[in-house]
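**Student:** Test case, fold it:
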Amino acid sequence: MTKNEAQEVLSFHSCRNTNVNDPRWEYGFVGRLRPSSGELNEDNFIQIMESIRILRHDLASEVIDKNLVYDIISIIRLTRTWVVSPGGLNNNLNEHDQEKLLLWVEIIEKTLFYLLDGADEEIAFQDYDCYLQDSSEQLLKAELLRAI
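**Tutor:** Residues are numbered from 1 along each chain as shown. Below is the predicted model of the structure:
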């Protein structure tokens, strides 16, 4: 994925892209949080994090594209406002899904914080890399249990 593609991915996941007819707008991270949308999609979270990884040098530079930061902050803010806040827009999510969303948003936020602070990639993406490792281990355990 190129930097331009990564920025486009973030713009769709934040619902800030003006092409509202593109399915990525409706089925992106924030688009899925609307009341009529379906289930959570972990792939959306992974796309966001991999886009941030590609753009990590841009986020750590002295001059940063405002739209890039705005897309990421929109994902964080709208998730918390719509899903977690009392009276939020989406009351269709169960407690487990809300906890998962909060975890994803915390990982996104922490990664952004460390990149803006100039931390190296290993530190900035530590929580995300641990999440991926834990997810892989859980998937392997589930496959082993099904085989029994």
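
**Student:** So for stretch 12-25, mean pLDDT?
**Tutor:** Stretch 12-25 carries an average pLDDT of 91.

**Student:** Can you list the buried residues in that stretch?
**Tutor:** Along stretch 12-25, these residues count as buried under the neighbour rule (16 or more other C-beta atoms under 10 Å): F12, H13, S14, C15, R16, N17, R24, W25. Quick note: C-beta positions are derived from backbone N, CA and C, even for glycine.

**Student:** Next step: the residues you listed restricted to helices.
**Tutor:** Secondary structure assignment by DSSP state H places F12, H13, R24, W25 of the buried residues of stretch 12-25 in helices.

**Student:** In a markdown table, list the residues you listed along with distance to L55.
**Tutor:** As requested, those are exported to a markdown table (distance: C-beta to C-beta, whole Å):
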| residue | distance to L55 |
| --- | --- |
| F12 | 15 |
| H13 | 13 |
| R24 | 17 |
| W25 | 20 |
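
**Student:** Could you identify the most distant pair in those residues?
**Tutor:** The span of those, defined through C-beta to C-beta, is set by H13 and W25 at 9.1 Å.

**Student:** Pretty sure C15 sits against R24.
**Tutor:** No: judged on C-beta atoms under 8 Å, C15 makes no contact with R24 at a distance of 9.8 Å.

**Student:** Which strand or helix spans the residue most central in space within the chain?
**Tutor:** The C-alpha lying nearest the average C-alpha coordinate of the chain belongs to F45 (C-alpha atoms, centre = their mean; 3.7 Å). Assignment of secondary structure by DSSP states H and E places F45 within helix 42-54.

**Student:** Can you tell me what sits against the following helix or strand past that helix?
**Tutor:** Toward the C-terminal end, the helix or strand that comes next after helix 42-54 (DSSP H and E) is helix 56-60. Surrounding helix 56-60, the residues in contact under the criterion C-beta atoms under 8 Å, 6 or more residues apart in numbering are 3, 52, 64-65, 68-69, 112, 115-116, 118-119, 121, 124.

**Student:** now these in a markdown table, with distance to L103, neighbour count and secondary structure?
**Tutor:** What follows is the contacts of helix 56-60, written out as a markdown table (distance: C-beta to C-beta, whole Å; neighbours: other C-beta atoms under 10 Å; DSSP: H, G, I helix; E, B strand; the rest coil):
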| residue | distance to L103 | neighbour count | secondary structure |
| --- | --- | --- | --- |
| K3 | 27 | 13 | helix |
| I52 | 16 | 25 | helix |
| I64 | 26 | 14 | coil |
| D65 | 27 | 13 | coil |
| L68 | 23 | 19 | helix |
| V69 | 22 | 15 | helix |
| L112 | 15 | 18 | helix |
| L115 | 19 | 25 | helix |
| L116 | 21 | 15 | helix |
| G118 | 25 | 11 | coil |
| A119 | 20 | 16 | coil |
| E121 | 21 | 15 | helix |
| A124 | 17 | 24 | helix |
